[in-house]
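In: The following comprises the amino acid sequence and a computationally predicted model.
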Amino acid sequence: MIESTSAARAPMRALHRAAEPDVLATLLPAATLDPATRTAVEGRARALLADLRAAQGSGWVNRFLHQYQLNTAEGVALLSLAEAFLRVPDTATADLLIRDKLGTPDWSDHLGDSDSALVNSATWGLVITRALVADDGRASVLKRLIARAGEPFVRQGVGAAMRLMGQVFVMGRTIEEALARADDKDNRGFTASFDMLGEAARTFADGQRYFDSYKAAIAAVGRQANRANAITARHSISVKLSALHPRYETAHAATCVPELIAMLNDLADAAAAAGIGLTVDAEEQDRLEMSLDIIAAVARTPRPGWGGLGMAIQAYGKRARAVIAWAGALAGEIGEQLTVRLVKGAYWDSEIKRTQEQGLADYPLFTRKAATDVSYLACAADMLADRRLYPAFATHNALTVATIQEWATQQGRTDFEFQRLHGMGEGLFERLVREQGLRCRTYAPVGGHRDLLAYLVRRLLENGANSSFVHQLADANVSDDELLADPAVKIRGLGGSPHPSIPLPAALYGESRRNSTGIDLADAGVLADLAAHVAGFALPGAPAPVDVAATIAAAHAGFADWARQPVAARAVVLDRLADLMERDARDLMAALVIEAKKTLPDALAEVREAVDFCRYYAAEARRIMVPTLLPGPTGERNELHLAPRGVFAAIAPWNFPLAIFLGQVSAALVAGNAVVAKPAPQTPVIAAMARALALEAGVPPDVFGLVTGGGEVGDGLVRHPRVMGVAFTGSTATARRIARALLDDETRPLVPLIAETGGINAMIVDSTALTEQVVADVITSAFRSAGQRCSALRLLLVQDDVADRTLAMLKGAMDCLVLGDTRDPAVDVGPVIDAAAFDRLETYRQGQKNRWIHAMPASDTPNLVPPTIIQLDAATDLKAEWFGPLLHVATWPAGRLAETVAAINASGYGLTMGLHSRIASVAAEVTGLAEVGNLYINRSMIGAVVGSQPFGGEGLSGTGFKAGGPHYLYRFLTERTVSTDTTSAGGNATLLSIDDDA
């Protein structure tokens, strides 16, 4: 029977990123209601709407959330406060957060707007809070009298309010508390599926802790289970696989999938022994194939008489219907009914962003809510038709509920249930459960206040989204007819077209240029093919040395003809080069892995960046290299032209031997210059491959010269009198030597130096930051690419109140990294570029051994420096940039933010800086104080995107202008003004011929 599940998985690949209209065309027939059914459904739905409206009017929380919706400044402020407040340990930062979120919006606008006394009381509290915390000069006697006592009062009140909001959406702090609440009168007739709250595991210790909590919850629920009832009538447990393993990723499938199978088997054994159900929650689309492997393995493990295994399927995924068919085949294979929880989907916004960032062909999910509704109905129809499945329909949409009721009645099917989120959907199911005998299960999160934060924000976002049924229900301007509009009719009328505000990744930048094409490294088949290609790739031989002077002479001779080419023609050549790089992307990636020691994700990112540079500079040249008419007196014409300078020297580093190399070269070429490029001595082959593609694209060979060698070659290049400009990326010391060399020859013109150098890049973390996000961004920023990026994090500055917690998780996350040869797709950190770099870094690292906070074990891989955290007493103790996976850490006290930024600025470097804080005024303060080229807030500090995040520093970190930005090309050009006296032929004909009646 395994063949049947294999056959059922075959369509998934074709559907994964298929065009939205094509997928919807296959779903619409199943989701379309005939007229009689539509009439019956609408009748049921209108009755449900009446119940829902009554419930909406009776609950203070519903009315509070309606009063402060996400499209208001007040709603955003409350959401931000709810996300961060309960995790802040120190009073100073807590008070600052309250002042930031509640001191700006005008809460008085909402006074008396609600018909709920409790909501209006809450608004009065917010008005008073604003009076106490607002820094707007409106001092009052009341404010002065109670300012000192007011802050603790406000802090306690806000904390109580946040906990109260948490109780609305979380069943209990412990499983025992949740079980007691699940059986109280408010939940009479409902069963519950308990989910142990928490972020995805960042460490193996996290995974074990979540596993233990699931195991304990299964035991607790089992002790209260009434075995006289069917298993579907008992409480159950939901489990999130990403909470059990910190490396639940395709590249680590060989290890994480067997380990997760073992853990889930253990939980399933416990659930079977306890006589309760166990459902595997759905996660991001990247993990679907692995999830199916794990679920299938656990389902095939015999547990006679249990029948309690379940899985969640997300209707917004284009593969959802195929996954339901697969689940039916699996149930048929094991001979037991399988529970399928159908949900709309929980990661829509992040899935859209991830697909755009990765430049993939299409989205794995639908871009319109109505399209997801169509998918949900088609999936529901399949589930009801397949008796091998026990359907569980998770929805708060009255029309969806009514449709499923009607279909089930028509088919005579009663073995199904609805599901709702705890704290949502009140009024929708009570009558159905208590008067009509339908089943409904509440998805019931369990956890402490700190654990509920991310979950709480997600629920508030779902409540507040303009397109959500819950939001529209609360909107008096939305009629019942609009609420009950048939999604199939809407989608058919739109032809299944995707949302116009969500362009495909290729069209992300509009008509100006095409986005670079990515490769889906989360696709196991694609990843395996790519790894095999890299393993079998033979690196070409290094280019032969050539004479520098002769190469410059050839470039000088070819410059004039190239400069005379129309800018449009040169831009077409760059666009063609970008296309050729995408054609040969796998070969270029293999060369980057082998010669530059890149991991596969880093190699892919570099190829894409090189492609983006070519297309971006081509588009910029078309935009700026046109004559500009300037104003002036009548009788003259003033025109400004941009002209190329001549021969440019381009000196690129080994850490980005393709992207920076071609970024410099493409900018110089499209501006009309000739180029002589010198790659780093460690990476000449990649440079030669890039030049070969440029020549294939149409760049004349003499216009793009390539010289190889060490410092002596570079020195000869920059000192040559025919070199009219230098683009350099490397160390500050080398940049200084180049600058001096350009001035040594008194007869030589003054030529520009475009230098991008290094930095002592710091990240500041305050106590409002989410530790899990901080740790993920620190791991990426400090250790990805073995720390060999100019933008890499060198100095982590953590507020001392949260330093222990942050460092404990950071150490655990480091231990999850895989070190080794970068040809292995599972490797996160590979070797540094060469033995000299290794010796320099390792000598320093060993010299700091008494300050190690944490260090990973040494590796057998040559030249691999183990990632290490080094303790500093103060931020100013770090005097130099250590170009490798070495992270220095110091702490700072609350209230000393400005001094902390000043200490970073004092280094003289100014490349990148990071900030993790949920306080907008903190972000504004750091933005105003930081003397850096790139400031990254609440994200990682690496991976600047061409055209979106122009990259480059100031001070000791570079000259500007920024690479990948709208001003960069100007550094490769000179300005020429042409002024013409148009009256010289005998008079001002234009002035004399104007119409007197105009």
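Out: Perfect, thanks for sending it.

In: Tell me which stretches of the stretch 51-200 of the chain form helices.
Out: Remark: helices assigned in the stretch 51-200 of the chain by DSSP state H, counting those that start in this stretch are 60-67, 73-84, 91-102, 117-133, 141-169, 175-182.

In: Least reliable of those by average pLDDT, please.
Out: Per-stretch mean pLDDT for the helices of the stretch 51-200 of the chain is lowest at helix 117-133 (a mean of 51).

In: what are the ranges of the helices in the stretch 451-600 of the chain?
Out: 452-464, 469-474, 480-483, 487-493, 524-536, 548-564, 567-583, 585-596, 600-624.

In: Most tightly packed of these?
Out: Per residue and on average, the most neighbours among the helices of the stretch 451-600 of the chain fall to helix 600-624, with a mean of 24 (mean count of other C-beta atoms under 10 Å). Bear in mind the C-beta positions are built from the backbone N, C-alpha and C, glycine included.

In: C-terminal to it, what's the next element?
Out: Next along the chain after helix 600-624, taking DSSP states H and E as the criterion, comes strand 628-630.

In: Report the rounded mean pLDDT for that following strand.
Out: Per-residue pLDDT values over strand 628-630 give a mean of 95.

In: Please identify the pairing partners of it and their relative orientation?
Out: The sheet places strand 628-630 alongside strand 636-644 (antiparallel), with pairing taken from DSSP bridges.

In: any idea which helix or strand carries the most centrally placed residue in the chain?
Out: Centroid-nearest residue in the chain: residue 354, 5.5 Å away (criterion: C-alpha atoms, centre = their mean). Using DSSP H and E, residue 354 sits within helix 348-358.

In: helices or strands up against that helix?
Out: For helix 348-358, there is no helix or strand it packs on, judged by 3 or more C-beta pairs under 8 Å, 6 or more residues apart in numbering; DSSP states H and E.

In: relative to helix 348-358, how tilted is the next helix or strand after that helix?
Out: Helices and strands here follow DSSP H and E; after helix 348-358, the next one along the chain is helix 369-385. Interaxial angle of helix 369-385 relative to helix 348-358 (axes from the mean of the first three to the mean of the last three C-alpha atoms, to 10 degrees): 110 degrees.

In: for the helix or strand following helix 369-385, which positions count as buried?
Out: Heading C-terminal from helix 369-385, the first helix or strand you meet, by DSSP H and E, is strand 389-394. By neighbour count on 16 or more other C-beta atoms under 10 Å, the buried set for strand 389-394 is 389, 390, 391, 392, 393, 394.

In: now do stretch 28-35
Out: For stretch 28-35, a neighbour-count test (16+ other C-beta under 10 Å) marks 28, 30, 31, 32, 33 as buried.

In: can you put these in JSON lines and add pLDDT, secondary structure and distance to residue 882?
Out: Below are those laid out as JSON lines (pLDDT from 0 to 100; DSSP: H, G, I helix; E, B strand; the rest coil; distance: C-beta to C-beta, whole Å):
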{"residue": "28", "pLDDT": "98", "secondary structure": "helix", "distance to residue 882": "59"}
{"residue": "30", "pLDDT": "98", "secondary structure": "helix", "distance to residue 882": "60"}
{"residue": "31", "pLDDT": "98", "secondary structure": "helix", "distance to residue 882": "59"}
{"residue": "32", "pLDDT": "98", "secondary structure": "coil", "distance to residue 882": "64"}
{"residue": "33", "pLDDT": "97", "secondary structure": "coil", "distance to residue 882": "66"}
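
In: follow-up on the earlier one: including distance to residue 242, could the buried residues of strand 389-394 go into JSON lines?
Out: Below are those laid out as JSON lines (distance: C-beta to C-beta, whole Å):
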{"residue": "389", "distance to residue 242": "24"}
{"residue": "390", "distance to residue 242": "25"}
{"residue": "391", "distance to residue 242": "25"}
{"residue": "392", "distance to residue 242": "21"}
{"residue": "393", "distance to residue 242": "24"}
{"residue": "394", "distance to residue 242": "19"}
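
In: What would stretch 21-36 look like as PDB? C-alpha coordinates only.
Out: The C-alpha trace of stretch 21-36 is given here as PDB (Å, rounded to 0.1, in the frame of the first residue of the first chain):
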ATOM      1  CA  PRO A  21      -5.300  30.600 -11.800                       C
ATOM      2  CA  ASP A  22      -4.400  27.100 -12.900                       C
ATOM      3  CA  VAL A  23      -4.700  25.700  -9.400                       C
ATOM      4  CA  LEU A  24      -8.000  27.500  -8.700                       C
ATOM      5  CA  ALA A  25      -9.400  26.200 -12.000                       C
ATOM      6  CA  THR A  26      -9.200  22.600 -10.600                       C
ATOM      7  CA  LEU A  27     -10.700  23.600  -7.200                       C
ATOM      8  CA  LEU A  28     -13.600  25.700  -8.300                       C
ATOM      9  CA  PRO A  29     -15.900  22.900  -9.400                       C
ATOM     10  CA  ALA A  30     -15.700  21.200  -6.000                       C
ATOM     11  CA  ALA A  31     -16.200  24.500  -4.200                       C
ATOM     12  CA  THR A  32     -19.200  25.700  -6.300                       C
ATOM     13  CA  LEU A  33     -22.700  25.300  -4.800                       C
ATOM     14  CA  ASP A  34     -25.700  24.500  -6.900                       C
ATOM     15  CA  PRO A  35     -28.600  27.000  -6.500                       C
ATOM     16  CA  ALA A  36     -30.600  24.800  -4.100                       C
END
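
In: distance of residue 53 from residue 436?
Out: Plainly put, residue 53 is 19 Å away from residue 436 if you go by C-beta to C-beta, to the nearest Å.

In: Looking at the two, which one has more neighbours?
Out: Remark: of residue 53 and residue 436, residue 53 carries more neighbours, 14 against 9, as counted by other C-beta atoms under 10 Å.

In: Who's the closest spatial neighbour of that one, skipping the chain neighbours?
Out: The shortest distance from residue 53 to any residue other than its chain neighbours is 7.3 Å, reached at residue 473 (C-beta to C-beta, 6 or more residues apart in numbering).

In: Surely the one you found and residue 480 touch.
Out: No. Using C-beta atoms under 8 Å, residue 473 is not in contact with residue 480; the gap is 9.7 Å.

In: Next, residue 864: phi, psi?
Out: phi -100, psi 120 (degrees, to the nearest 10).

In: Contact partners for it?
Out: Contacts for residue 864 were tallied using C-beta atoms under 8 Å, 6 or more residues apart in numbering; they are 786, 819, 820, 829, 830, 831, 832, 838, 858.

In: ok, the closest residue in space to residue 961 that isn't next to it in sequence to residue 413 distance?
Out: Nearest non-adjacent residue to residue 961, counting by C-beta to C-beta, 6+ apart: residue 967, 4.1 Å away. Counting by C-beta to C-beta, the gap from residue 967 to residue 413 is 66 Å.

In: if we can go back for a sec, counting neighbours, which of the contacts of residue 864 comes out on top?
Out: Neighbour counts for the contacts of residue 864 peak at residue 786, which has 29 neighbours (criterion: other C-beta under 10 Å).

In: Let me know whether residue 478 touches residue 468 as I believe.
Out: No. When contacts are counted by C-beta under 8 Å, residue 478 is not listed as touching residue 468 (11.3 Å).
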